[in-house]
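>>> okay, sequence plus prediction incoming.
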Amino acid sequence: MINNKAQPIQFYPDELIKEMWREWSEDVLFEIPKKDFHSSTGFQKAIGSTSANERSRATEAYRLGLLKGRLVQGKEAIARGLPPGWGAVCAGEPVHTHLGYIAYAIGNALSKGCIEPALAVDGLNILHLVFALSLGIEDEGQNLSVLLMYAYALSSYRQAIDPKVYEAHEGNIKRWVAAAVFDTIDSAHDRELVTQKYINSTPIDELLVMYKLDDKPPALELRITPKKLVQLLSDKSTARMTISKESLYWANSARGIYSRGSLAAGAFLNELLLADREIFKRKKISILSAVLEADPSEDSVLESMGRAFEINAGLASAWKKMMKKLTKGVYEALRYLEDGIPETIPKVFYVHGVDSAFDHSTTNTIRVPKEQTPIKPEEGSMIKVGNASFTLKAIKESGAYYEFTLGPAVEGQPA
């Protein structure tokens, strides 16, 4: 969804869908409210809170595509009537989008302790990817994806930094680049450092970041190149510097929108980056342009994304596979909610980015970054490397990595 600023979301999505979204779906969005609540502020009164926190979460649920219309008035609203989404609730009409129902099912199951891989890993990660893909800005008549601009900036900085240095500071680099991308895009004077370089496929080599010393105002301005950022992180100059919280919600290794979404995307994100910039070269428009400006009251976020990716066979194929995994996650959630704790299902973990050309009949050892392992597997779990299946014989921690000792797949395990 197009927003007037790049700042993405000020919360962790798993927190929203497990808590507020679930509660609202089962309460104020489930029944027609009394006449006393049929007003522009009726939603806040119905939930018993007029704080900025609930207002922000309601706005963000709309921006992420969970709602067909706003529950609270936006800051730019001129009319003071019922916000469209709350008006639908007052009229007894469904306000959840297709994605909203999916998020409710998964969030509800997670809130009750369901952690099956199809739900907690694939389903939740794909939700994060969809959320991230739905955020965009308009610049000089062009719709641009915040996710793709960030991924491109991060790639530019990574290529300009020594690989060993990047690995040593990866988590902090991702967060600082996130804060800098958001601040740069939000600056009318500096925005083109990101937008135009993205459109022109020119490496992004300078960004603006706002910070506070010792978390005290005023906000100060700093321009960072890849070299400057490494220097700041290496000599710990950032210890007293506070940057935007939005960057944490975006790039936190375990729960950030981008971090979880990129785990689901795999090669899809890199392919989308290439395809999007190629489309800009030929047609001066983003693949995601129609997705970003779609009206959630009329168009499903998931369906509009599917249509957008049909332009590229590789993207279309990868998207269909992710939608199948998301569907599996929803089925797992519904089965859990109906039956309680499900019967034991073989836990399957998929490992990407390592060489699978080893002997399947012997013991092998692989190293996997912890940051790319949102759920630590247990001994006895099945590990899939490419099309090959193994049993996890042992696991130990080694710095920023897990070392998996893999043995032949046990008879009876799924192939």
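Thanks, I have it.

>>> so where's the stretch 301-415 of the chain shaky on pLDDT?
For the stretch 301-415 of the chain, the stretches with pLDDT under 70 are 340-350, 352-362, 370-376, 386-387, 410-415.

>>> average pLDDT for stretch 148-167?
Averaging pLDDT along stretch 148-167 gives 97.

>>> how far off centre is it?
From the chain centre to the centre of stretch 148-167 is a distance of 19 Å (C-alpha atoms, centre = their mean, to the nearest Å).

>>> okay, buried residues for it please.
For stretch 148-167, the buried set under the neighbour-count rule, 16 or more other C-beta atoms under 10 Å, comprises 148-154, 156-158, 160-161, 166. Where C-beta positions appear, they are placed from N, C-alpha and C, glycine not excepted.

>>> can I get those in a markdown table including secondary structure?
Converted to a markdown table, the buried residues of stretch 148-167 look like this (DSSP: H, G, I helix; E, B strand; the rest coil):
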| residue | secondary structure |
| --- | --- |
| 148 | helix |
| 149 | helix |
| 150 | helix |
| 151 | helix |
| 152 | helix |
| 153 | helix |
| 154 | helix |
| 156 | helix |
| 157 | helix |
| 158 | helix |
| 160 | helix |
| 161 | coil |
| 166 | helix |
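
>>> may I see these organised as JSON lines, with distance to residue 103 added?
Shown next, in JSON lines, are the buried residues of stretch 148-167 (distance: C-beta to C-beta, whole Å):
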{"residue": "148", "distance to residue 103": "22"}
{"residue": "149", "distance to residue 103": "25"}
{"residue": "150", "distance to residue 103": "22"}
{"residue": "151", "distance to residue 103": "23"}
{"residue": "152", "distance to residue 103": "27"}
{"residue": "153", "distance to residue 103": "28"}
{"residue": "154", "distance to residue 103": "26"}
{"residue": "156", "distance to residue 103": "32"}
{"residue": "157", "distance to residue 103": "32"}
{"residue": "158", "distance to residue 103": "31"}
{"residue": "160", "distance to residue 103": "37"}
{"residue": "161", "distance to residue 103": "36"}
{"residue": "166", "distance to residue 103": "34"}
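
>>> where do the strands sit along the stretch 301-415 of the chain?
348-351, 364-369, 382-385, 388-398, 401-408 (DSSP state E, counting those that start in this stretch).

>>> quick revisit: so which of the buried residues of stretch 148-167 would you say is closest to residue 27?
Proximity of the buried residues of stretch 148-167 to residue 27 (C-beta to C-beta) peaks at residue 150, which lies at 35.0 Å.

>>> list the contacts of residue 292.
The contact partners of residue 292, taken as C-beta atoms under 8 Å, 6 or more residues apart in numbering, are 1, 2, 134, 135, 136, 143, 144, 145, 286.

>>> what pairs with the residue nearest to it when sequence neighbours are not counted across the strands?
Residue nearest to residue 292 in three dimensions, not counting chain neighbours: residue 136, with 3.7 Å by C-beta to C-beta, 6 or more residues apart in numbering. According to DSSP bridges, the partner residues bridging residue 136 are residue 2, residue 145.

>>> do the same with residue 406
Residue 406 has the following beta-bridge partners by DSSP bridges: residue 364, residue 392.

>>> for residue 368, see how far away it is.
From residue 406 across to residue 368, the span is 11 Å (C-beta to C-beta, to the nearest Å).

>>> more neighbours, the two?
Of the pair residue 406 and residue 368, residue 406 is the one with more neighbours under other C-beta atoms under 10 Å, namely 24 against 19.

>>> isn't that one up against residue 393?
Yes: with contacts counted by C-beta atoms under 8 Å, residue 406 reaches residue 393, the gap being 6.5 Å.

>>> overlap in contacts of the two?
residue 363.

>>> show me the helices in the stretch 101-250 of the chain, by range?
Secondary structure of the stretch 101-250 of the chain (DSSP state H, counting those that start in this stretch): helices located at 117, 124-133, 146-160, 163-168, 170-185, 195-199, 226-234, 245-251.

>>> please work out the average pLDDT along the first one.
By that I understand helix 117. With pLDDT averaged residue by residue, helix 117 scores 69.

>>> the longest one too?
For helix 170-185, the per-residue pLDDT values average out at 97.

>>> for the longest helix along the chain, buried residues please.
When the chain is parsed with DSSP state H, its longest helix is helix 313-339. Neighbour counts over helix 313-339 (16+ other C-beta under 10 Å) mark 315, 318-319, 322, 325-326, 328-330, 332-333, 335-336 as buried.

>>> and what of stretch 171-179?
Residues 173, 174, 175, 176, 177, 178, 179 are the ones in stretch 171-179 that count as buried (16+ other C-beta under 10 Å).

>>> who's in contact with that stretch?
With contact meaning C-beta under 8 Å, 6+ apart, stretch 171-179 is reached by 150, 153-154, 157-158, 161, 166, 207, 209-210, 224, 229, 232-233, 238, 243-244, 246-248, 250-253, 258-259, 371.
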